[in-house]
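Undergrad: Just to be clear, the model below is a prediction. Sequence and coordinates:
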Amino acid sequence: MPAKVDKEKCTGCETCVQECPSEAISMADGKAVVDSGACIDCGVCVDACPLEAISME
């Protein structure tokens, strides 16, 4: 299951973009966006997000 970003919590710090090993996260309108086709469900972004704005659902 790909990572999901809570747009309300995301501040656009880009930490997840830098940490994603599959480059599945990009920024759009100042918020993180996960490409579900490229996401490898590793959870690195969940651990990296300082605001707990990303979850695996």
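TA: All right, it came through fine.
Undergrad: Next one, pLDDT for the closest residue to Gly43 other than its chain neighbours please.
TA: If the residues on either side of it in the chain are set aside, Gly43 comes closest to Met56, at 5.7 Å by C-beta to C-beta, 6 or more residues apart in numbering. For the C-beta atoms, the positions are set from N, CA and C on the backbone; glycine is no exception. pLDDT, Met56: 95.
Undergrad: dump the residue contacts of Met56.
TA: Applying C-beta atoms under 8 Å, 6 or more residues apart in numbering to Met56 gives the contacts 1-4, 41, 43, 46.
Undergrad: For stretch 31-40, the averaged confidence score.
TA: For stretch 31-40, the per-residue pLDDT averages 97.
Undergrad: Which among the contacts of Met56 count as buried?
TA: For the contacts of Met56, a burial check counting by 16 or more other C-beta atoms under 10 Å picks out 3, 46.
Undergrad: With respect to Glu52, which of the contacts of Met56 is nearest?
TA: Nearest to Glu52 among the contacts of Met56 is Val46, at 8.1 Å by C-beta to C-beta.
Undergrad: was I right about that closest one contacting Ala53?
TA: No. In this structure, Val46 is not within contact of Ala53 by C-beta atoms under 8 Å, at 9.4 Å.
Undergrad: related to what we said a few turns ago, nearest to Lys31, of the contacts of Met56?
TA: The closest of the contacts of Met56, once distances to Lys31 are taken by C-beta to C-beta, is Lys4, at 12.2 Å.
Undergrad: Now do the same for that closest one: helix, strand or coil?
TA: strand (DSSP: H, G, I helix; E, B strand; the rest coil).
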